[in-house]
Structures are given as structure tokens and as C-alpha cells.
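Enquirer: no letters, just coordinates:
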């Protein structure tokens, strides 16, 4: 028997009112401002922009506030918002070689042109909770040091290429696939894989990247370079007949240098994995570059044995909005589905009991 | 002036104004456009998105990195000049002001004024900000030194 049930409107309305109250917390404590969130929880905002796949710090800060700091909820909110925006066009590809660098390190070359610039990093901190964080003690202004000249900081992978020991980029202007417009077909091209990874869940990609280091997928990676900074975004404006800059965005880029490939007529060389992420997020950029490299198994005739090398597995599960949607829907009413399963179970057991009785009677 | 240099100068102005913080643009716009021919809205300001692209490996084929919110506007002056703008973010006022200034730049009476009082300060602001940021970063440069050990 199927019985349609309605109800819960009042409960839902009251629950949302309660949520609003809990979100606001103690009214005697000032509410968070967007400036506080973008300024002091900047990396949370960056993560929401990266995985929400929309660069807009103010909106991401609003989402963080609305979600009470639940990152995946905030990412969901930003994703939902981006679907309401008309797309005006595509930017010209950003040029990370012209980045205004805020941090740049290489683990492969000590003396790289442009140097090692630590920037605002957690590296080399002691990872001990600082009692000062309980208060609001004055913070020193950063030190400044004059630059000797306009030092250029070429991408490390371009420097290595002088010796031909590393796989080269193949410049092209081929139109990339867009997973927000077209269903993903497998095997997917590297452009679509990178788009999926760039918006993929940091935790999922981190664990997959880690798995490749532990032996689930062949890599022996080095960080060729990590760079964080601002890049200009340009777009062609047909009305003007030329491209203009829209402003700049902060991105993190990771060049992972990985095991050799040999056998080609060009000789043995390092291969590469690439990571590029909105905001300051080198953990995500590194994880992305590890997974990008692992997913290139076919290109280098590697056997695909590990999860990180399985593009269908990785691409279908790296999106946390999709993942949370399917997992969390389980808590919504399934009364009818479950009733059907219960009925089936009862029928099976009744049938078994009848069978048993008949067998006993026969004996 | 050839069309090419005119376009280059127009681009330079639009680039500079797009990079301006909205507060600075507001201030300079209000100070300098009193008595200017008004802007008639042709399109927008409208908020939308662009797909922001990177290149595989930094220098390879393009891929779609993610979207960015943008606002664009087109305005017209009484005398017919069209001004366009497209800027990152969702600031309708900023887009409208930039489009208006782009249109004013096409008037012989106004081009020098817009350049001097808006575009130059915008470029200076961008240079100052870049210099501060670069010097702060420079202070975190690692200066390696070698420990010499042994007799020689």
C-alpha cells in the first residue's frame, strides 16, 4: 500500500530559524564581517573559491559565513551561485611566467634564477599553538628588502629544458573541453582532467597523491617548483577589437617532476605533473600535480593498477559537491523505498516459513 | 595617431582602471568628472562570469581552470561615443564608471584629463602596490651560504 505523506513545513521553518540563531551565536559578540573573513580566514576563502570553481573572494566569504565554516557547504553555495551567472566568454590563458610572485620555491635546484622566496609560509613553523592567538596583540609589519633589479623568475621547468632532460610543454591554442558544459566521456583528455582536478576536493586529491607516494602508482616525484602570486586576466572584447585586462587573480602553481620515461628517440627524460589552483593553496596544487602525473599512465606505457591511475575512478569521485549530494541524500526520507524492502523481506520470510511447514508435513 | 597606437592607449587606460581598487576609482571619478557629458546606459552594468583558462604545464594547451565573476557595461555619450568596460568582481558602479571614462577618453577635451587624473594615478597605485609586495617577498629570499670544511 502506498500512502502519500505531507508535513514538516513548520518543523523545517523552525529548524531554519534555529540554524540562523546558531549561526549568529552569542549576540553580545560582534558578527563576523566579510573583511574579517577575507582578511583573516583567507585560505578558507581560497579553498571555497577553488573548489566552488568561481573566483570571487567576497562571495566565498559570504558562503563561509552562511555555512558556519562548513567548507563543503560553502563550496556548494558558491557552485549553486555560479550556475546563475551568464558566461560572457573565456579568458586568454593566464601566463604564470609573468606572475607577480609572493612565494616561489624549488626542491630540485638550490640556485635558480630568481631565487627561492619563502613568502608567507607555514613551513618551518613549529606547529605549536601560539598563546597569542587567544588575544589581539599587535603584529609587526613585514620587513622589506629592496630588490637589486627587476629579477625575472622563469618557470623552473623552462630552465631545465635547456638540457632537454625534461618533457617539454607543447604550446597550442586548441579549444579545451569544458566539463561544465559537456558530459565527461572516458578516456578523458588531459585538459578536462585538469579542470576536474582544479575543482576537486583537496582532501580526496591529497589522499590519492599520498597513495602514489606510498606505492599505489609509480611515481618518484620532486617539487620542481611551487609559485604563488598574482596573474593578470585578459579577455578579448569583440566590441573593442582587442584584449583587455579585467584585473588580477591569485593562483598557486606546482610543477612536479617525476620519474623518467625512456625509449623514445629523444632519449630518457623526466616527466611532469601539473597543478594550478585558485588562491594560495600549495597542498592542493601539489596533490593535483601528483594525481595529474599518475593519470598520464597510458601516455608513458605504464600499467594502470592503482586507484590514482584510474581516471574514471578519480574524475567521477573527486568532486565534493557531487559526493556530498549523493552521500547526504541518504538522510532524507526514504520511507517508501524502505517500506518496499521491508515488504519484500517479509514476503521472503513468509514464503520460507510456508516451505518449511510443507517440508515438515511431507516428512 | 594611428589606429594601432590609439587602441594601445585605450587598452592601457582600460587595463589600469580595471586594476584599481573601487574606493580609489570612486574618489578620483567623483573629483574629476563634474561637468562631464553624462553616460547613457546602453548595456548593463550586468554581472556574469568568464571561464578563466590556464595552460597545461604552464606553457602547453589551454584548459579551463574555473570561472570568475565579472561585471561589464557599455555606455554612450550624447555625442555618440561608446565606452566599454569589463572588470573582475560584482561592482556595477565600478563597471559603469570605467565605461564612462572610456567614452570620455574619446573626446579631445577630455582625453588628457582622464589620462592625467585617473589613468596615471591608477598605474602609480598598481606600481606602488607591486613594489611593496615584491619588497616584502624579497625579504623572505633564502641566501644560501656554504660551510667550508677541511684544510683547503
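Expert: Structure's in. What do you need? All values derive from a computational prediction rather than experimental measurement. Residues are numbered from 1 along each chain as shown, chains lettered A, B, ... in the order given.
Enquirer: lowest-pLDDT helix or strand in chain A?
Expert: Least confident helix or strand of chain A, by mean pLDDT, DSSP states H and E, is helix A:156-160 with a mean of 74.
Enquirer: how far does it sit from the chain's center?
Expert: The chain centroid and the centroid of helix A:156-160 are separated by 25 Å under Cα atoms, centre = their mean, to the nearest Å.
Enquirer: next one: stretch A:84-91
Expert: The answer for stretch A:84-91 is 21 Å, by Cα atoms, centre = their mean.
Enquirer: what of stretch A:173-180?
Expert: On Cα atoms, centre = their mean, the centre of stretch A:173-180 falls 18 Å from the chain's centre.
Enquirer: is it in proximity to chain B?
Expert: Yes. Residues of stretch A:173-180 contacting chain B under Cβ under 8 Å from any Cβ of the partner chain: A:173, A:174, A:175, A:176, A:177, A:178, A:179, A:180. In this view, the C-beta of every residue, glycine as well, is placed from N, C-alpha and C.
Enquirer: how about the residue nearest to residue A:313 when sequence neighbours are not counted, what does it touch?
Expert: Distance criterion Cβ to Cβ, 6 or more residues apart in numbering or on different chains; nearest residue to residue A:313, sequence neighbours excluded, is residue A:307 at 5.6 Å. For residue A:307, the contacting residues are A:208, A:211, A:216, A:217, A:313, A:314, by Cβ atoms under 8 Å, 6 or more residues apart in numbering or on different chains.
Enquirer: in the helix or strand residue A:350 falls within, what's buried?
Expert: Element membership of residue A:350, judged by DSSP states H and E, is helix A:335-362. Within helix A:335-362, no residue qualifies as buried by neighbour count (16 or more other Cβ atoms under 10 Å in any protein chain shown).
Enquirer: one more: stretch B:10-25?
Expert: B:10, B:11, B:13, B:14, B:15, B:16, B:17, B:18, B:19, B:20, B:25.
Enquirer: verify the stated contact: the first one with residue B:103.
Expert: No. Distance between residue B:10 and residue B:103: 10.8 Å, which falls outside the contact criterion (Cβ atoms under 8 Å).
Enquirer: identify the residues contacting residue 67.
Expert: You didn't say which chain, so I picked chain A. A:73, A:74, A:77.
Enquirer: if you could check chain B rather than the one you did, that'd help
Expert: Taking Cβ under 8 Å, 6+ apart, we find residue B:67 in contact with A:53, A:54, A:55, A:82, A:85, A:87, A:180, B:49, B:50, B:51, B:52.
Enquirer: what comes up buried for the longest strand anywhere in chain A?
Expert: In chain A, assigned by DSSP state E, the strand with the most residues is strand A:242-261. Residues A:244-259, A:261 are the ones in strand A:242-261 that count as buried (16+ other Cβ under 10 Å).
Enquirer: neighbouring strands - and their directions - for it?
Expert: strand A:222-237 (antiparallel), strand A:269-278 (antiparallel) (DSSP bridges).
Enquirer: can you report phi and psi for residue B:46?
Expert: The phi and psi torsions at residue B:46 (degrees, to the nearest 10) take the values phi -130, psi 140.
Enquirer: within range of chain B, give me the residues from the stretch 1-150 of chain A.
Expert: A:49-50, A:53-56, A:58-59, A:82, A:85-97, A:100-103, A:110-111, A:115-119, A:142-147.
Enquirer: list only buried entries from those residues.
Expert: Buried among the residues of the stretch 1-150 of chain A next to chain B (16+ other Cβ under 10 Å): A:49-50, A:53-56, A:58-59, A:82, A:85, A:88, A:90-94, A:96-97, A:100-103, A:115-117, A:119.
Enquirer: so which of those are in helices?
Expert: A:49, A:50, A:58, A:59, A:82 (DSSP state H).
Enquirer: and which of those is nearest to chain B?
Expert: The shortest approach to chain B among those belongs to residue A:82, at 5.7 Å (Cβ to the nearest Cβ).
Enquirer: pLDDT value on that closest one, please?
Expert: On pLDDT, residue A:82 comes in at 95.
Enquirer: what of residue A:341?
Expert: We have a pLDDT of 91 for residue A:341.
Enquirer: kindly report the same for the one 5 residues further on.
Expert: Predicted confidence (pLDDT) at residue A:346: the value is 93.
Enquirer: for residue 84, grab the count of nearby residues.
Expert: Just going to use chain A. 9 (other Cβ atoms under 10 Å in any protein chain shown).
Enquirer: not quite, go with chain B.
Expert: 23.
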